[in-house]
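Peer 1: mind folding the following:
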Amino acid sequence: MEIDSLAVIPARGGSVGIPHKNLKRVGGVPLIVRAIIAAQGAGISRVVVTTDDPEIEAVALRNGADVVRRPTVLATGTASSEAAVLHALDAIAAGDRDAWVSPHEAAPADSMIPQVVVFMQATSPFIRSCDVAEAVSRVRTGEADCVFSAVPTHAFQWGLDDEQIVPIGHSGSERKMRQELPPRWQETGGFYVMNHDGFRAAGHRFFGRLAVQEVPEETHFEIDTPTDLRICDAVASVVTSSDEQLSVDAIVTDFDGVHTDDRVIIDSTGVELVVVNRRDGLGVARVKAAGKKFLILSTERNPVVAARAAKLGVDVLHGVDNKMAALQGWLKEQGVDADRVAYLGNDVNDLGPMQLVGWPCATADADDAVRFAARVVLQANGGDGAVRELCDLVIDEAGNT
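Peer 2: Now for the predicted structure:
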């Protein structure tokens, strides 16, 4: 008995250019999680992360992927990706439970032999599930033995021939329009979909009948350097689909600039006053009624923060100097998994807590750095219904599960 498809995502812990690269966040989501989500969204039967790193293993398991523990010899910078994929397939086919860890119910090893193998790379953060699904279908139906993601290119390329600069794919003496050049494609490195038996026989990804899966040009980014990471983080909100399902057990928010519009009214006696939105209160009430936890976390020492929390009937930690440490303590006390928490912030002192949770969120008028770090950017400004918008997203998702 064969399963239909199996995705293997190599994610070693070491990286020369970017330490712990596969756990770095783009658009608020760790790279390894983005790859897992893309594979799951493509309807792939089983998603497997092969890694030598305990932290990557834990993140993968929490996000519903199987893990194959990769030996050190296959986790070096010189070991091939094909070797890692083949090792993962071998460990699963052999039912090697010392190497193969799964959050799912145990399945017979022989039922884990797929018809189609999908080799995906977490360093391509903008893989679309629909593109992977189409490529899987093309291999499954026998159209091709290997289908890989690529973008069309009309670039005028030049190379060296006997130390002389020469044109590649065009004539230097006749300058044609780019559209008149022969079709060319550039690999994105995002995914390679292969017939299982053919891949095993060949031992490498390019074998048999090859086909290109053209993907949108804006999704072609690969992350090799810190600059690549910054660029991808900056464009994530534009490239990534905003239809993710927000499923959490708790909401944590900043106060100033989130429950308020960040302005302070000072009367003649020096008393500071703020304005909040009543609609936010109704949203919080719905979240509490659904059994979700709610915390206001703020560095502000003004008692108005505690007063508003008391009015809403939610937990509050304010006047804290280290918001990240305070949040870690609250999560441990409440027994809540950080991956199942949404944090709503608006300014740079929210970046630490946002890195800690699975769902970093930003108000529409948040600082640019906060917006770039967010997995979800709301449409409402702070003090103008942002808290209500987030609460409604959580409740609506809870009602659909």
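Peer 1: residue contacts, the closest residue to Asp262 other than its chain neighbours?
Peer 2: Using Cβ to Cβ, 6 or more residues apart in numbering and skipping residues adjacent in sequence, the residue nearest Asp262 is Asp256, 5.6 Å away. Where you see a C-beta, it was placed from the backbone N, CA and C, and this is true even at glycine. Asp256 makes contacts with Asp262, Val274, Ser298, Glu300, Asn346, as judged by Cβ atoms under 8 Å, 6 or more residues apart in numbering.
Peer 1: show me where this protein has its helices.
Peer 2: Shown for the chain, the helices assigned by DSSP state H span residues 31-41, 54-62, 81-93, 129-140, 196-202, 226-239, 278-289, 304-312, 323-334, 351-356, 368-373, 386-400.
Peer 1: for Met120, find the nearest of those.
Peer 2: helix 31-41 (5.3 Å; Cβ to Cβ).
Peer 1: got the CA positions of the closest one in CSV?
Peer 2: This file holds the C-alpha atoms of helix 31-41, laid out as CSV (Å, rounded to 0.1, in the frame of the first residue of the first chain):
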residue,chain,number,x,y,z
LEU,A,31,11.0,29.8,7.7
ILE,A,32,10.5,26.1,8.6
VAL,A,33,6.9,26.8,9.6
ARG,A,34,6.2,28.6,6.3
ALA,A,35,7.4,25.5,4.4
ILE,A,36,5.3,23.1,6.5
ILE,A,37,2.2,25.3,5.9
ALA,A,38,2.8,25.4,2.2
ALA,A,39,3.2,21.6,2.0
GLN,A,40,0.1,21.0,4.2
GLY,A,41,-1.9,23.4,2.1
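Peer 1: check which residues of that helix are buried.
Peer 2: Of the residues in helix 31-41, those with enough neighbours to count as buried (16 or more other Cβ atoms under 10 Å) are Leu31, Ile32, Val33, Arg34, Ala35, Ile36, Ile37, Ala38, Ala39, Gln40, Gly41.
Peer 1: ok, now how distant is the fourth one from Leu297?
Peer 2: With distances taken as Cβ to Cβ, to the nearest Å, Arg34 is found 26 Å from Leu297.
Peer 1: what of the first one?
Peer 2: As defined by Cβ to Cβ, Leu31 lies at a distance of 27 Å from Leu297.
Peer 1: ok, now Ile18?
Peer 2: Taking Cβ to Cβ as the criterion, Ile18 is separated from Leu297 by 29 Å.
Peer 1: more crowded one of these two?
Peer 2: Just comparing Ile18 and Leu297: by other Cβ atoms under 10 Å the higher neighbour count belongs to Leu297, 25 against 17.
Peer 1: residue contacts, that one?
Peer 2: Taking Cβ under 8 Å, 6+ apart as the definition of contact, the neighbours of Leu297 are 252-255, 316-318, 320, 323, 326-327, 330, 353.
Peer 1: so what's it bridging to?
Peer 2: Counting by DSSP bridges, Leu297 is bridged to Leu317.
Peer 1: so for it, what's the pLDDT?
Peer 2: On pLDDT, Leu297 comes in at 97.
Peer 1: what's the local residue count around the closest residue to Leu6 other than its chain neighbours?
Peer 2: Ranked by Cβ to Cβ, 6+ apart and with sequence neighbours excluded, the top spatial neighbour of Leu6 is Pro114, at 3.9 Å. With neighbours defined by other Cβ under 10 Å, the count for Pro114 comes to 24.
Peer 1: pretty sure Pro114 sits against Val8.
Peer 2: No. Contact between Pro114 and Val8 fails when scored by Cβ atoms under 8 Å: they sit 9.7 Å apart.
Peer 1: nearest residue to Gly383 other than its sequence neighbours?
Peer 2: Asp261 (3.3 Å).
Peer 1: now the contacts of Asp256 as CSV including distance to Asp337 and neighbour count?
Peer 2: Converted to CSV, those look like this (distance: Cβ to Cβ, whole Å; neighbours: other Cβ atoms under 10 Å):
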residue, distance to Asp337, neighbour count
Asp262, 31, 17
Val274, 32, 19
Ser298, 23, 25
Glu300, 27, 19
Asn346, 24, 28
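Peer 1: from these, which is closest to Gln213?
Peer 2: If you rank the contacts of Asp256 by distance to Gln213 using Cβ to Cβ, Asn346 comes first, at 39.5 Å.
Peer 1: am I right that that closest one is in contact with Thr253?
Peer 2: No. Applying Cβ under 8 Å as the test, Asn346 and Thr253 come out as separate, 9.4 Å apart.
Peer 1: and the strands in the stretch 151-300 of the chain, which stretches?
Peer 2: Listed in chain order, the strands of the stretch 151-300 of the chain (DSSP state E, counting those that start in this stretch) span residues 157-161, 164-168, 185-195, 210-214, 250-253, 265-266, 272-273, 293-298.
Peer 1: out of those strands, which is closest to Leu74?
Peer 2: strand 185-195 (17.8 Å).
Peer 1: contacts for that closest one?
Peer 2: Counting by Cβ under 8 Å, 6+ apart, strand 185-195 makes contact with 115-121, 123-124, 126-127, 131-132, 135-136, 138-139, 145-153, 205, 207-208, 212-215, 219-220, 222, all of which sit outside it.
Peer 1: that one pairs with which strands?
Peer 2: Neighbouring strands of strand 185-195 in its sheet, by DSSP bridges, are strand 113-120 (antiparallel), strand 146-152 (antiparallel).
Peer 1: okay, now His20: neighbour count?
Peer 2: Using other Cβ under 10 Å, His20 has 13 other residues around it.
Peer 1: how about it, nearest residue that isn't a chain neighbour?
Peer 2: Closest residue in space to His20, ignoring its immediate chain neighbours: Gly13 at 6.5 Å, by Cβ to Cβ, 6+ apart.
Peer 1: what's the end-to-end length of stretch 170-187?
Peer 2: The separation between the terminal residues of stretch 170-187, taken as Cα to Cα, to the nearest Å, is 20 Å.
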